[in-house]
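> would you be able to build a 3D model of this:
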Amino acid sequence: MTLKSFRQVVQLVLSVFVIYLALPDFPIHAVTSSEREALIALYNSTNGPGWTNSAGWLGEPGTECDWYGITCDGQSSLTAINLAENNLDGSIPPEIGGLSNLQYLYLHENQLDGAIPPAIWNLTSLVDLRLHFNAFTGSIPSEIGSLNNLKYLNLAANQLEGSIPIEIGSLSSLQYLYLYRSGFTGSIPAEIGDLTELRDLLLGVNELTGNIPWQLGNLSNLVRLNLHDNQLRGSIPEELGSLSNLQFFWVYGNQLSGSIPLTFSGLTALDTFDVTGNCLTNFEPVSHVPNLIGADAQVDTCFQGLPWLMLLLD
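Residues are numbered from 1 along each chain as shown. This next block holds a predicted model:
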């Protein structure tokens, strides 16, 4: 390289360096304007100044990924909000729909009320949605079926109404479904039997009526089935005897009748089996399940005054 060429290279490098120094100080972790607007709206609509921890919130543009409870990925995309047990008081704003890349939304155990905004059901990147132990009202719309990446859904212990939408059966990735103590009415959708990845199904303490769908017997990965304290009638479907991974079976406090299905003798993983407060007979099928005990396995729960049946882990 000639001396002239060397000088030209040095001048070029210096020029680039000067231009770099003159550029404004753009933050490395800047989120989009719609994401920032959604976060500010959430802060304002849930009494942000009263939060237990609001460190960093409402800081300068570009600081959002450092705000308490906010997680961003390497591309500065906002992927998670965890403000659980943080004294949020108010409602979720519709601007939440601007978080198109959000995968985890944890707002449980706060004082949130009002309807769950429709915009939440459009967040199709959601993997985990936890809104339990708040005071949400209203019903769950059919649009919930669009959350096809969802693996964990917990809406328990709210003040919801209406039926469980059949579209919930299209959430093919769902593994954990918690809708207990939420005020749901109507029947248990048979479509839940399509959720073959499901491990926990907790629907207790609602006002559900009708029969237990036999399609729940298709949930081959199910570990916990909780249907207690509803108004379910009819017999226990024999198809549930194919749930080889089932460890917990709670149907107490309903209006079930008939015999325990013979197929239940194959539920060898059972640890807890509670059917008290129904009108069931013939407990022979579960009387020899290894993890269960109970001298009252033959008790007919129809008759008042006889001991209720509850078989627990020894």
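
> partner residues bridging Arg130?
Here Arg130 sits in beta bridges with Tyr106, Asn154, as judged by DSSP bridges.

> what about it, how many neighbours?
By the other C-beta atoms under 10 Å criterion, the neighbourhood of Arg130 contains 20 residues. Using the backbone N, CA and C atoms, a C-beta is placed for each residue, glycine as well.

> would you check that it makes contact with His108?
Yes. Assessed by C-beta atoms under 8 Å, Arg130 is found in contact with His108 at 4.5 Å.

> give me the common contacts of the two.
Counting by C-beta atoms under 8 Å, 6 or more residues apart in numbering, the common neighbours of Arg130 and His108 are 84, 154.

> and the nearest residue to Asn218 once chain neighbours are set aside, what does it touch?
If the residues on either side of it in the chain are set aside, Asn218 comes closest to Gly193, at 4.5 Å by C-beta to C-beta, 6 or more residues apart in numbering. Residues counted as contacts of Gly193 (C-beta under 8 Å, 6+ apart) are 169, 213-219.

> mind redoing it with 6 Å?
Each residue near Gly193 by C-beta atoms under 6 Å, 6 or more residues apart in numbering is listed here: 215-216, 218.

> in a helix, it, correct?
Yes. Using DSSP: H, G, I helix; E, B strand; the rest coil, the secondary structure at Gly193 is a helix.

> and it, what's its pLDDT?
Turning to Gly193, the model gives it a pLDDT of 98.

> quick check, Tyr180 in contact with Leu201.
No. Under the criterion of C-beta atoms under 6 Å, Tyr180 is not in contact with Leu201, lying 9.8 Å apart.

> mind listing what's buried along stretch 98-109?
For stretch 98-109, burial by neighbour count (16 or more other C-beta atoms under 10 Å) applies to 98-99, 101-109.

> cool, and stretch 178-192?
Across stretch 178-192, burial judged by 16+ other C-beta under 10 Å covers 178-185, 187-189, 191-192.

> can you check stretch 204-220 too?
Judged by neighbour count using 16+ other C-beta under 10 Å, the buried positions of stretch 204-220 are 204-206, 208-209, 212-213, 215-219.

> got the contact list for that stretch?
180-181, 184-185, 187-188, 190, 193, 198, 226, 228-232, 234, 237, 239-240, 242.

> about what we covered before: any figure for the gap between the residue nearest to Asn218 and Ile120?
Counting by C-beta to C-beta, to the nearest Å, the separation of Gly193 from Ile120 is 25 Å.

> same question for Leu88.
Using C-beta to C-beta, one gets 15 Å for the distance from Leu88 to Ile120.

> ditto for Leu171
Taking C-beta to C-beta, one finds Leu171 at 14 Å from Ile120.

> for Gln159, which non-adjacent residue is spatially closest?
Thr137 (5.1 Å).

> partners of whichever helix or strand the one you found is part of in the sheet?
In this structure, Thr137 is located in strand 135-138 according to DSSP states H and E. Take DSSP bridges as the rule and strand 135-138 pairs in its sheet with strand 111-115 (parallel), strand 159-160 (parallel).

> quick revisit: in strands, which of the contacts of stretch 204-220 fall?
When these are checked against strands (DSSP state E), the matches are 185, 187, 226, 231-232, 234.
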